[in-house]
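>>> Starting from these lines, generate the structure:
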Amino acid sequence: MPTVVECPTCSRKVEWSEKNKYRPFCSERCKQIDLGAWAEEKYTIPGAAPADPLDDDKQSH
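Numbers count the residues shown, from 1 in each chain. The predicted model follows:
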């Protein structure tokens, strides 16, 4: 029995198999919508802000 997942873009049920070349998406359209969202920085990965290396120089003077 093939694995069925939800398309991350439209939530449509999609079979996860080699015959679906857009997996995990249901179509090229949904894949492009997701790519566009990444390009527009709509998705973020939570985490602490990186330390500013210039702050160390300011404190030592």
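
>>> got the contact list for the longest helix belonging to the chain?
Counting residues, the longest helix found in the chain (DSSP state H) is helix 28-39. For helix 28-39, contacts defined as Cβ atoms under 8 Å, 6 or more residues apart in numbering pick out C7, P8, T9, C10, R12, Y22, F25, Y43. Where you see a C-beta, it was placed from the backbone N, CA and C, and this is true even at glycine.

>>> Make a PyMOL selection of whichever of those residues turn out to be buried.
Selection command for PyMOL covering only the buried members of those, criterion 16 or more other Cβ atoms under 10 Å:
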select buried, resi 7+9+25
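
>>> any chance of the contacts of helix 28-39 in a markdown table, plus distance to I33 and pLDDT?
Formatted as a markdown table, the contacts of helix 28-39 follow (distance: Cβ to Cβ, whole Å; pLDDT from 0 to 100):
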| residue | distance to I33 | pLDDT |
| --- | --- | --- |
| C7 | 10 | 96 |
| P8 | 9 | 94 |
| T9 | 5 | 95 |
| C10 | 8 | 96 |
| R12 | 13 | 96 |
| Y22 | 11 | 94 |
| F25 | 9 | 96 |
| Y43 | 12 | 83 |
